[in-house]
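1. no sequence for this one, just the structure:
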Ligand code: KG4
């Protein structure tokens with residue numbers, strides 16, 4: 001090949017249909033269609049997600065190719081999310097990738113969605129100064145479904161050294177937000193309210209689990225008990241103290257996350273530390289990373305907001321690394337809902 005490979009990425013693991021085109025590390029386009037249909041249900045409804053992916057996938061892929069200023073014939077490979085995620089949603093992207101691969105006569109490269117979040121840090125954008133992490137680095141992956149500390153030795157060698165034994169960090173935000181009547185997903189709302197509250201107003205319980213593992217169920221319970229006790233005394237408690245509750249909740253989640261990450265960085269002697277996943281949009285967590293960079297000499301990597309949520313740019317990025325490594329996926333590949341790494 002006499003040029004950097006041009007990779008189409010397809011992401012359909014949950015409720016975002018996305019397609020992106022990358023040439024080498026350079027992003028040419030990244031199109032995301034989010035699904036509003038779930039809002040009324042307070043969570044993602046798998047069957048509705050699959051149907052929306054079916055409707056979105058053709059226009060989203062066409063638009064990504066058009067915005068990249070190429071034609072489908074210019075593509076060298078198709079990277080697609082094979083898992084983990086919702087099976088019905090994953091099937092839409094996987095089957096579309098197969099059809100396109102057959103019709104264009106180009107290979108498919110499967111991508112692990114969690115690896116893709118980590119590798120989003122290698123995406124370069126036109127006209128922007130970019131610095132990628134150097135291997136080995138640590139990545140805190142925090143989303144609605146995951147809270148993990150990943151030791152990233154290379155683009156293809158990642159090890160989960162710590163993970164939640166119950167709820168994920170995003171789930172803690174969402175569940176506590178729900179009991180305060182803040183809607184779904186509650187994480188962004190908690191973040192907004194937290195900016196106006198006192199992070200020391202309430203003390204919620206922090207877990208005591210060994211190693212680098214996390215636990216958020218105790219925090220959730222202690223949050224619930226605080227609400228229950230205070231509401232008995234004052235029925236307007238939530239309304240009156242919403243900002244303080246959110247600020248204290250957010251500060252506790254961040255404390256829990258950073259403590260284990262600090263320990264891992266210290267034990268392994270690693271100072272390149274990245275964050276990824278939906279909860280990496282949290283401004284308090286971003287501030288904590290900057291603060292750790294100053295205090296501990298870390299070099300931190302914080303994704304642009306566009307790459308905190310599910311997107312196909314990161315899938316194409318992961319696909320690029322696998323493609324140049326010679327990895328290919330056969331046409332009989334089926335998606336997987338769950339995965340360890
Ligand atoms: O990675 P993601 O888009 O998909 C899932 O794994 O579900 O992460 C979504 C999660 C949700 O729990 C959402 O509440 C949380 O990320 N989230 C936030 C913020 N933005 C999104 N949590 C706290 N603060 C935010 N600003």
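-> Ah, there it is. These figures come from a predicted structure and were not determined experimentally.
2. host element of residue 284?
-> helix 283-296 (DSSP states H and E).
3. list of residues touching that helix?
-> Applying CB atoms under 8 Å, 6 or more residues apart in numbering, the external contacts of helix 283-296 come out as 142, 191, 194-195, 250-251, 253-254, 257-258, 262, 265, 271, 273, 275, 279-280, 298-300, 302. For the C-beta atoms, the positions are set from N, CA and C on the backbone; glycine is no exception.
4. give me the buried subset of those residues.
-> Burial by neighbour count, judged by 16 or more other CB atoms under 10 Å, picks out 142, 191, 194, 250-251, 253-254, 257-258, 265, 271, 273, 275, 279-280, 298, 300, 302 from these.
5. now, these that are in helices?
-> 191, 194, 250-251, 253-254, 257-258, 265 (DSSP state H).
6. counting contacts, what elements does the helix or strand that residue 33 is a member of pack onto?
-> Here residue 33 sits within strand 26-34, counting by DSSP H and E. Packing contacts for strand 26-34, counted by 3 or more CB pairs under 8 Å, 6 or more residues apart in numbering; DSSP states H and E, involve strand 16-23, helix 46-68, helix 312-324.
7. could you give the mean pLDDT of the longest one?
-> Right, helix 46-68. Mean per-residue pLDDT for helix 46-68: 97.
8. all helices of the stretch 101-250 of the chain, in order?
-> 113-119, 169-179, 187-194, 217-233, 237-268 (DSSP state H, counting those that start in this stretch).
9. ok, which of those comes nearest residue 327?
-> helix 113-119 (11.9 Å; CB to CB).
10. that closest one and the ligand in contact?
-> No - counting by CB under 6 Å from any ligand atom, the ligand has no neighbours in helix 113-119; the shortest distance is 7.2 Å.
11. and that helix, what does it pack against?
-> strand 77-83, strand 137-142, strand 147-154, strand 272-276, helix 312-324.
12. quick one: which of these is nearest the ligand?
-> With CB to the nearest ligand atom, the closest approach to the ligand among those belongs to strand 137-142: 7.5 Å.
13. before we move on, the earlier item: check the ones in helices among the buried ones among the contacts of helix 283-296 against the ligand, which are close?
-> residue 191.
14. and the residue sitting nearest the centre point of the chain, how close does it get to residue 229?
-> Centroid check for the chain by CA atoms, centre = their mean gives residue 277 as the closest residue, at 2.2 Å. For residue 277, the distance to residue 229 equals 33 Å [CB to CB, to the nearest Å].
15. thinking residue 173 is in contact with residue 184, fair?
-> No - counting by CB atoms under 8 Å, residue 184 is not a contact partner of residue 173; they are 10.6 Å apart.
16. of the two, which one has the most company?
-> Neighbours were counted for residue 173 and for residue 184 using other CB atoms under 10 Å; residue 173 has more, 31 against 17.
17. ok, now which ones touch the closest residue to the more buried one other than its chain neighbours?
-> Of all residues not flanking residue 173 in the chain, residue 187 sits nearest, at 4.0 Å (CB to CB, 6 or more residues apart in numbering). By CB under 8 Å, 6+ apart, the contact set of residue 187 is 144, 170, 173-174, 177, 278-279, 281-282.
18. 7 Å instead?
-> For residue 187, the contacting residues are 170, 173-174, 177, 278-279, 282, by CB atoms under 7 Å, 6 or more residues apart in numbering.
19. between these, which has the most around it?
-> Going by other CB under 10 Å, residue 173 tops the contacts of residue 187 with 31 neighbours.
20. what's the burial count for residue 11?
-> Look at residue 11: counted by other CB under 10 Å, it has 31 neighbours.
21. specify the beta-bridge partners of it.
-> residue 18 (DSSP bridges).
22. isn't it right up against residue 310?
-> Yes - at 5.7 Å, residue 11 counts as touching residue 310 under the criterion of CB atoms under 7 Å.
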